[in-house]
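>>> Prediction below, plus the sequence it came from.
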Amino acid sequence: MAYKTVLTVVTDEGLVPSTIDHAAALASDWDAHLEVLCFGVDRTQTGYYYAGANAMILQETLDRANADASRLTAAARTALERTSARWSVEEGVAQLVDIGRHVAGRARFADVVVLPQPYGEGRGVELEPVVEGALFDGQTPVLVVPDGATPVARPARVVVAWNESSEALRAVRAALPLLQAADQVHVVVIDPPQHGANRSDPGGMLSQYLSRHGVAAEIDVLSKTMPRVSDVLNRHARDVDAQMIVMGAYGHSRFREAILGGATRHMLEQAAVPVFLAH
């Protein structure tokens, strides 16, 4: 398996350089094609707009979104021209309530989606549904890159968050090319169950699976000495100087406004290195 189609979505001009740099590094190193979607976001919600809104106001918001899309496209092309990757750029407009569906439709035909950190100061509300659209509806692994992280197409040291869940296993399988290229892979098990088939050898079956794919993994069994699992993972990633974290993404009911589960959300809020997610 190799990554041959890399997708990224840009909705914020300020995040274009860092996102494009990471996506282009991955595409160039893996000889993949980079697809860039530039979305101007129409933030009106027909049916919920204030009373008396007329077609002129709605057209104005649409014109603004089109102008944003054109500006994002120009910024993306400028950033891409500095790279050695093969790339293509498309621009469009999406309503805030519908942007996840548009992203999912394209993510389904990509091997990995590279996106900026959806949480933090100055982040637009559209970034979370973009991540969710790729992960949940697109069923495609997502590499979330925080601000300030150095683009690394083949991280030398990787931390894998392992809790025996289907999501964690799918993340491992989707990240296999990166794990095979790494020098060190740390499989982190936090507070393993005291009862069950794997209580005496936590992470053992995964280690065997990885070894047959040429991945030499170490099993790090940790105690939850901090309030959140994500805090323990981030601290351990710093301790081993990891360049990437691989983990399963967990979702709650879609009746909730926030779909991403607590552990996933906290990780994306605090991570200092790219996080490779799959659901």
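Ah, there it is. Numbers count the residues shown, from 1 in each chain.
>>> which ones are touching H186?
157-160, 217-218, 220, 236, 240, 242 (CB atoms under 8 Å, 6 or more residues apart in numbering). Yep, even glycine has a C-beta here, placed from its N, CA and C like the rest.
>>> May I ask which two of those are separated the most?
Pairwise distances across the contacts of H186 peak at 14.3 Å for A217 and H236 (criterion: CB to CB).
>>> These two: who's more crowded?
Using other CB atoms under 10 Å, the more surrounded residue of A217 and H236 is A217, with 23 against 18.
>>> Dig out what that one forms beta bridges with.
V185 (DSSP bridges).
>>> again, but for the one 4 residues further on
Bridge pairing for V221 (DSSP bridges) gives the partners V189.
>>> In this structure A182 contacts A156, no?
Yes. In this structure A182 lies within contact range of A156 using CB atoms under 8 Å: 6.0 Å.
>>> which one of those two has more residues nearby?
Taking neighbours as other CB under 10 Å, A182 and A156 compare with A182 leading, 23 against 13.
>>> what pLDDT does that one get?
With respect to pLDDT, A182 scores 97.
>>> Quick check: closest non-adjacent residue to it.
V158 (4.8 Å; CB to CB, 6 or more residues apart in numbering).
>>> On the three-state scheme, the one you found is what?
With DSSP: H, G, I helix; E, B strand; the rest coil as the basis, V158 sits in strand.
>>> Identify the residues contacting it.
175, 178-179, 182, 184-186, 242-246.
>>> if you set the cut-off to 10 Å instead, what comes out?
175, 178-179, 181-187, 215, 217, 237, 240, 242-246, 273, 276 (CB atoms under 10 Å, 6 or more residues apart in numbering).
>>> do the same with R77
Per CB under 10 Å, 6+ apart, neighbours of R77: 16, 20, 36, 38, 87, 89.
>>> Which one of the residues you listed is nearest to L96?
C38 (15.8 Å).
>>> counting contacts, what elements does the helix or strand hosting that closest one pack onto?
In the assignment (DSSP states H and E), C38 maps to strand 33-42. In terms of contacts (3 or more CB pairs under 10 Å, 6 or more residues apart in numbering; DSSP states H and E), strand 33-42 is packed against strand 5-10, helix 16-29, helix 55-80, strand 86-95, helix 99-107, strand 112-116, helix 127-132.
>>> Within the sheet, what are the partner strands of that strand, with directions?
Going by DSSP bridges, the partners of strand 33-42 are strand 5-10 (parallel), strand 86-95 (parallel).
>>> Between helix 99-107 and that strand, find me the angle.
Strand 33-42 runs at 160 degrees relative to helix 99-107, counting by axes from the mean of the first three to the mean of the last three CA atoms, to 10 degrees.
>>> Please pull out the lowest mean pLDDT helix or strand from this protein.
When the helices and strands of the chain are scored by mean pLDDT, DSSP states H and E, helix 262-270 comes last with a mean of 84.
>>> contact partners of it?
115, 117-120, 127-128, 131, 135, 142, 144, 146, 161, 163, 167, 227-231, 233-234, 245, 247-252, 258-261, 275, 277, 279.
>>> Of these, just the buried ones, PyMOL syntax please.
Buried residues within those, by 16 or more other CB atoms under 10 Å, are selected in PyMOL with:
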select buried, resi 115+117+118+119+127+128+131+135+142+144+146+161+163+167+229+230+233+234+245+247+248+249+250+251+259+260+261+275+277+279
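>>> I'd like the list of the contacts of helix 262-270 that fall within strands, please.
115, 142, 144, 161, 245, 247-248, 275, 277 (DSSP state E).
>>> Report the two of those residues separated the most.
Pairwise over those, using CB to CB, the maximum falls at L115 and A161, 18.8 Å.
>>> what's the least confident stretch among the helices and strands packed on strand 33-42?
Of all the helices and strands packed on strand 33-42, helix 55-80 has the smallest average pLDDT, which comes to a mean of 89.
>>> buried set for that helix?
Buried, per 16+ other CB under 10 Å, within helix 55-80: 61, 64-65, 68-69, 72-73, 75-76, 79-80.
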